[in-house]
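# return a 3D structure for these sequence lines:
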Amino acid sequence: MKQALKLFAVAFLLMQVITPFIVILPVMIYQKITLGVVQMELITQEIMVPAQLVATGLVLLYLWSKKQISHLPERWSMITPLFSFWCIAALFAMSWLMGVLMDYLSFLPNIMEQSMDLLKINLFGLLAITVLGPIMEEFLFRGAITKVLLANYSPRQAILLSAALFGVFHLNPAQLVPAFLMGILFAWVFYKTGSLLLCMVMHILNNSISMALMEYFPDIKSLSELFTPHTYWSITAMALLLLVVAIIQINKLKVRTNWSKKVGQPNRHESDIRETTFPEKNTL
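Modelled structure (predicted):
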């Protein structure tokens, strides 16, 4: 747990403390020289995108320096097309159901709303939210933190702990519950498959859906505003059914990686590789 918390703490400091300081100071100096005064509102607008990009790069550099970015072939596998389909189906179903849940948790403050508005007006900001951020977070939370936790705790404990850290990392009450629930799904898929690529694709899709809804329906605060009550609850019922079916299908996959930590032995054994070869009848 100590190693996982250290990874979390360093990444958190890089994202929330060190990077803003590195980026803000030059902008403040530049404003003082050119304008004669420091305008904090203008600084916020100017640094949001570069700060996000710099923070992402620093976290990735930190993970690489700690050898937490793996080159194992299984990390870059989509398993099978059908299995990927069920994972993405689970993602879409959960996205809808979380939207329904958040309709009842609308009292939670969204303290990152202004930051998102500043990021999405810039192409690089959009890329940071929809692509670069998800890639970095998957390296951090699944490729590093979940991997460490799986080596020291039961799968259930590791998945829940990593999801909780994932929720806290976003520093936004309105994102805490969705991030925690999505963190469970991503960590579970990673546990079953060992695939970071699949988790990255799911994460990118999730963030892209959120940004698309914000872009095309900026004044909508609830999914229920887009549909009649009958349609809204019909879609909700179908999403719940789809999620159940997808979970059943995902659960059929045997765990493809030996996550246990054994002193003096490699983490992945020849017997494990033979065991997890996909027979035709078990391929999803």
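# in the helix or strand encompassing Ile248, which residues are buried?
Assigned by DSSP states H and E, Ile248 belongs to helix 229-251. Across helix 229-251, burial judged by 16 or more other Cβ atoms under 10 Å covers Tyr232, Ile235, Thr236, Ala239, Leu242, Leu243, Ala246, Ile247, Gln249, Ile250. Just so you know, the C-beta spots here come from the backbone N, C-alpha and C atoms, and that holds for glycine as well.
# also stretch 121-130?
Neighbour counts over stretch 121-130 (16+ other Cβ under 10 Å) mark Gly125, Leu126, Leu127, Ala128, Ile129, Thr130 as buried.
# identify the residues contacting Ile209.
Residues in contact with Ile209 (Cβ atoms under 8 Å, 6 or more residues apart in numbering) are Phe92, Ser95.
# before we move on, the earlier item: among the buried residues of stretch 121-130, which two are most distant?
Gly125 and Thr130 (9.5 Å; Cβ to Cβ).
# restricting to C-alpha, output the host helix or strand of Cys199 in PDB.
Under the criterion of DSSP H and E, Cys199 resides in helix 196-216. Output of helix 196-216 as PDB, limited to C-alpha atoms (Å, rounded to 0.1, in the frame of the first residue of the first chain):
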ATOM      1  CA  LEU A 196      -3.600  -1.100 -20.600                       C
ATOM      2  CA  LEU A 197      -4.600  -0.500 -24.200                       C
ATOM      3  CA  LEU A 198      -8.100  -1.700 -23.700                       C
ATOM      4  CA  CYS A 199      -8.500   0.400 -20.600                       C
ATOM      5  CA  MET A 200      -7.100   3.400 -22.500                       C
ATOM      6  CA  VAL A 201      -9.600   3.000 -25.300                       C
ATOM      7  CA  MET A 202     -12.500   2.700 -22.800                       C
ATOM      8  CA  HIS A 203     -11.200   5.800 -20.900                       C
ATOM      9  CA  ILE A 204     -10.800   7.900 -24.000                       C
ATOM     10  CA  LEU A 205     -14.300   6.900 -25.100                       C
ATOM     11  CA  ASN A 206     -15.800   7.900 -21.700                       C
ATOM     12  CA  ASN A 207     -14.100  11.300 -21.700                       C
ATOM     13  CA  SER A 208     -15.000  11.900 -25.400                       C
ATOM     14  CA  ILE A 209     -18.700  11.100 -24.700                       C
ATOM     15  CA  SER A 210     -18.700  13.600 -21.800                       C
ATOM     16  CA  MET A 211     -17.100  16.300 -23.800                       C
ATOM     17  CA  ALA A 212     -19.500  15.700 -26.700                       C
ATOM     18  CA  LEU A 213     -22.500  16.100 -24.400                       C
ATOM     19  CA  MET A 214     -21.000  19.300 -23.000                       C
ATOM     20  CA  GLU A 215     -20.400  20.700 -26.400                       C
ATOM     21  CA  TYR A 216     -23.700  19.800 -28.100                       C
END
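# how far off centre is it?
9 Å (Cα atoms, centre = their mean, to the nearest Å).
# now the helices: where do they sit in this protein?
Secondary structure of the chain (DSSP state H): helices at 2-13, 19-34, 40-65, 81-103, 113-120, 123-127, 133-137, 147-152, 155-169, 173-193, 196-216, 229-251, 270-275.
# dump the ones you listed into TSV; add distance to Ser260 and mean pLDDT as well.
Listed next are those as TSV, based on distance: least, Cβ to Cβ, whole Å; pLDDT from 0 to 100:
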stretch	distance to Ser260	mean pLDDT
helix 2-13	16	92
helix 19-34	36	80
helix 40-65	22	84
helix 81-103	23	95
helix 113-120	40	75
helix 123-127	38	85
helix 133-137	25	94
helix 147-152	7	94
helix 155-169	10	96
helix 173-193	12	95
helix 196-216	19	92
helix 229-251	20	96
helix 270-275	10	34
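# Ser222: which of those helices is closest?
Among the helices of the chain, helix 81-103 comes nearest to Ser222, with 4.8 Å by Cβ to Cβ.
# tell me the angle that closest one makes with helix 173-193.
Between the axes of helix 81-103 and helix 173-193, defined by axes from the mean of the first three to the mean of the last three Cα atoms, to 10 degrees, the angle is 160 degrees.
# helices or strands up against helix 81-103?
Helix 81-103 sits against helix 173-193, helix 196-216, helix 229-251, with contacts defined as 3 or more Cβ pairs under 8 Å, 6 or more residues apart in numbering; DSSP states H and E.
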